[in-house]
Structures are given as C-alpha cells and as structure tokens.
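K.L.:
Sequence first, then the predicted structure:
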Amino acid sequence: MPAEEILRVEGLTMRFTGGAGLFGRRNRTTVHAVDDVDLVVRRGETLGLVGESGCGKTTLGRCILRAHKPTTGRIVYRRADGSEVDLAGLSRSQLRPLRTEIRTVFQDPNSSLNPRMTVQQIVAEPLIVNNLASGSEVKDRVAEALRRCGLRPELMRRYPHAFSGGERQRIGIARALVTEPRLVVADEAVSALDVSVRSQILNLMEDLQDELGLTYVFISHDLSVIQHLCTRVAVMYLGRIVEEAETEDLFDHPQHPYTEALLRSVPRPDPRLRRRDEVLPAGEVPTPDEHFTGCRFQPRCRYAIDLCSQTEPTTVPRCHRAEELTLDGVYASHADADVTR
Ligand SMILES: Nc1ncnc2c1ncn2[C@@H]1O[C@H](COP(=O)(O)OP(=O)(O)OP(=O)(O)O)[C@@H](O)[C@H]1O
C-alpha cells in the first residue's frame, strides 16, 4: 500500500442476518449493510462518507473501528512504524493495542457520556483501560486533552450535566484524543448540536487535525458539513460506494446520478433560487436485503437505460453513463427538468 495511505478497505462486506421470526429459519432476512466496498484513506486527510439514512455509513465506520467484524474483506491499516495490519482478521486481544490508535467521536454528546462519571473519569477511561498511564500522569494527560479541546481543566471534577451541548461534545473529543490516536472516525459528530455551536466544533476538529496530524473519516448526511470539512468524499448508496472524488470536484462536477440528485436535494434558503428538484428523485428506495442484478439506483434514476437494469460497473463512479453525462453537461442542462420521471 502506498506510503501516503493510512487505511485501505478492500472488498468489504457486512451482512446482518435477522432473527428466526414466526416461520423459523426460512423466514430469516439478510441485510447487506455494506456490500463490496473499496476505499482508501490518506494520511492527514478528512475523508467524508455521505449518503441517505440507511445506506451503510455507520456500519462501514464501525467495521473500520472493528466494532463489527466484517463478513468478508480486508481493512488494512498502516501503523506509525510503517507496518501493515489487516484489522478484519484480528482477534480481540490483537486489536487491543490498535484501539488507542483508531478512535471514534460519538454522535450525541448527551447520551454518549456516562452521567454518573466525572469529566476526569470519562476522559481518563481509555488511558486506564489500555494501561497507557497511571497515577498523576493520568490527570496530567486528561488536563492536556481538555485544554486542547478548549475546556478548563479545573472543571474536570464536574459531571456532564453541568456542561452545554457543545462543551459535552468537546469532552467527547477530548476522550477520543487522550490516547493520541492517528485515525479518528467521527460519525455524525455535529448533527446533534445547535447550528450555532456546530461550526465551533468543526473549527476545533480542523485545528486539532493541523496540530496533531490527525486523519479523519467523517460520516455525515449533511452535505454542507462535508463540503466545509472534507478533502475527499465517498458517496454511498445502499451499501455501495457509487462515487468518490476530491470535495471540490464532487460538488462542481458530480459523476454519478445519485450524487447529482443528492446535491440538488440541498434546500436553498432563498425561495427565488429554489428549483423544483429539491427533493431526491421519486421511486421506491429498495431495502438492502433485496437482490440486485443491475445498478441499485436505477429504479430512481432519470438517466437509466436498459443496460442499467442488467449490470452495474464494478469501479467508481458506478454508472454506465457517467462519462457521457458528465462530458455532455447533461446534469447542468437538466436544471429545470422534472425529476419525478
Ligand atoms: N446491528 C444491525 N442488525 C441488523 N441490521 C442492521 C444493523 N445495523 C445496521 N443495520 C441495517 O444496515 C443498513 C445500514 O445501516 P447504517 O446504520 O449503517 O446506515 P447509515 O447510512 O449509517 O444510516 P443512518 O444515517 O440512519 O445512521 C440499514 O438497513 C440498517 O437497518
């Protein structure tokens, strides 16, 4: 794997099999939450994962964190010494030292912080669990992490309820950073916050990235957040990555019809600028437990041709018509088209 890469996901699939249900084993459903995903994360970048609810973003993030053991595929992580390790194949004890290097920031600071623990205990926990520090060093490292996150260390004896939503998310970030990780997976890390606080937390995350040389995988359904923060973006639809590009390219020249639809669905505050297609295209969203022969987006795609119901390209952009549509400027000329087909 090239030196600039910190993570390489290859052919990753995560299936969930449902319970037996009323009719026993035969009634079991299998959800392909993540299906044959390839993904590269480069050192020091922020890779955005974006897509509608249920497309598999969280599941992919949890596979990288090895909170889920993937059904198949590889998750190759490059350690600081340059050695490579496939996280997918590691046992619980083999994963333990890596848990300090790859950390997460949780979505909701109100529910993710234990209300019965002080801030000191919350932030110190990963240090203690992983035997990274003891005695006064624990307190020093907690104080340092809090300070980095813009919180006064004197307040570490207080409980989470004494803090605002934004401050609680700073505590969550301090807890993630206290072990000095290299890769942080942030899943909807600012979605639960008030808009006014959101940009402060995003700015903090950017500053910490510069200061500490962090790499982020940033999961969000919010395109404005993705556009603000990410270097590159991978777009997910029904368990698959359908397009991947540098942020500016993706927003200026989407290549997959789903990306185009996603970008058009962003509401515009000025009603004079509103277009008719500010919703995602109509049509049934298939569930990830259905079997697909062609492109998954084809039932909702206004550009679909016969071929699209038969096969899907195996590389991104996963669209037979991507080149033709992009080159011909079709997306732009459809600005006023009826997207409901
Ligand atoms: N533990 C699980 N057991 C069964 N199905 C699951 C499980 N976790 C996720 N799924 C299913 O996998 C699919 C992908 O879910 P996932 O939460 O990864 O999507 P998402 O894009 O993160 O959505 P959201 O933005 O709503 O969190 C969904 O159909 C979901 O119902």
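P.N.:
The structure has been received and is ready for your questions.
K.L.:
going forward, measure contacts and count neighbours with C-alpha atoms only.
P.N.:
Fine.
K.L.:
what residues does the stretch 51-200 of the chain put near the ligand?
P.N.:
52, 53, 54, 55, 56, 57, 58, 59 (C-alpha under 6 Å from any ligand atom).
K.L.:
Now which of those would you call buried?
P.N.:
Among those, those classed as buried by 16 or more other C-alpha atoms under 10 Å are 52, 55, 56, 57, 58, 59.
K.L.:
From the residues you listed, which land in helices?
P.N.:
57, 58, 59 (DSSP state H).
K.L.:
Take these and lay them out in JSON lines including distance to residue 262 and pLDDT.
P.N.:
What follows is those, written out as JSON lines (distance: C-alpha to C-alpha, whole Å; pLDDT from 0 to 100):
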{"residue": "57", "distance to residue 262": "15", "pLDDT": "96"}
{"residue": "58", "distance to residue 262": "18", "pLDDT": "96"}
{"residue": "59", "distance to residue 262": "20", "pLDDT": "97"}
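K.L.:
Which strand or helix spans the nearest residue to residue 178 once chain neighbours are set aside?
P.N.:
Closest residue to residue 178 apart from its sequence neighbours, by C-alpha to C-alpha, 6 or more residues apart in numbering: residue 145 at 5.5 Å. Secondary structure assigned from DSSP states H and E places residue 145 in helix 136-148.
K.L.:
just checking, what packs against that helix?
P.N.:
Contacts defined by 3 or more C-alpha pairs under 8 Å, 6 or more residues apart in numbering; DSSP states H and E place helix 136-148 against helix 119-129, helix 165-177.
K.L.:
Tell me which of the ones you listed lies nearest to residue 241.
P.N.:
Ranking the helices and strands packed on helix 136-148 by proximity to residue 241 (C-alpha to C-alpha) places helix 165-177 first, at 26.9 Å.
K.L.:
Okay, angle between that closest one and helix 119-129 too, please.
P.N.:
Angle of helix 165-177 versus helix 119-129, following axes from the mean of the first three to the mean of the last three C-alpha atoms, to 10 degrees, is 20 degrees.
K.L.:
Low-confidence bits of the stretch 151-300 of the chain, can you list those?
P.N.:
Within the stretch 151-300 of the chain, the stretches with pLDDT under 70 are 267-290.
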